[in-house]
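**Q** got a predicted structure here, sequence first:
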Amino acid sequence: MYEHFFQCPFCWEEISFLLDNSIAKQTYVEDCEVCCNPIEVTTAFENNELFHFEANELGQ
């Protein structure tokens with residue numbers, strides 16, 4: 001697992017998610033640990049290193 005810190009697109013607080021680096025590309029929804037709003041997360045890993053990360057308001 002890979003821990004990544006970023007700003008929530010809703011409340012702008014710095015939060016972190018544990019990302020599964022065994023999956024090359026994925027998109028899923030996870031709630032912000034501060035404001036509980038749903039965040040659409042898109043990740044891409046290459047050689048177990050994160051090279052793309054997006055966190056958007058759900059539906060954006």
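**A** Here it is on my side, so go on. Numbering: from 1, shown residues only.
**Q** need the outlier residue of the chain, farthest from its centre.
**A** Asn47 (18.4 Å; CA atoms, centre = their mean).
**Q** quick check: phi and psi at it.
**A** phi 50, psi 40 (degrees, to the nearest 10).
**Q** buried set for stretch 17-34?
**A** Of all the residues in stretch 17-34, those buried under the rule 16 or more other CB atoms under 10 Å are Phe17, Leu19, Asn21, Cys32. C-beta here means a position set from N, CA and C on the backbone, and glycine is covered the same way.
**Q** out of those residues, who's nearest Phe5?
**A** Of all the buried residues of stretch 17-34, Phe17 has the smallest distance to Phe5: 8.6 Å, by CB to CB.
**Q** wait, Glu57 touches Cys32, no?
**A** No: shown here, Glu57 and Cys32 do not form a contact pair, counting by CB atoms under 8 Å, at 10.3 Å.
**Q** what's the overlap in contacts for these two?
**A** Residues touching both Glu57 and Cys32 by CB atoms under 8 Å, 6 or more residues apart in numbering: Phe10, Ile39.
**Q** hey, what's Leu19 bridged with?
**A** Tyr2 (DSSP bridges).
**Q** ok, it touching Phe5?
**A** No: if you go by CB under 8 Å, Leu19 and Phe5 don't touch, sitting 11.0 Å apart.
**Q** list phi and psi for the most centrally placed residue in the chain.
**A** Centroid check for the chain by CA atoms, centre = their mean gives Val41 as the closest residue, at 4.1 Å. Backbone torsions of Val41, given as degrees, to the nearest 10, read phi -110, psi 130.
**Q** for it, give its distance to Pro9.
**A** Going from Val41 to Pro9 by CB to CB, to the nearest Å gives 10 Å.
**Q** so what sits against both of the two?
**A** With CB under 8 Å, 6+ apart, Val41 and Pro9 have common neighbours Ala55.
**Q** share the number of residues neighbouring the closest residue in space to Ile39 that isn't next to it in sequence, please.
**A** Excluding its sequence neighbours, the residue lying closest to Ile39 (CB to CB, 6 or more residues apart in numbering) is Ala55, at 5.2 Å. By other CB atoms under 10 Å, 19 other residues sit near Ala55.
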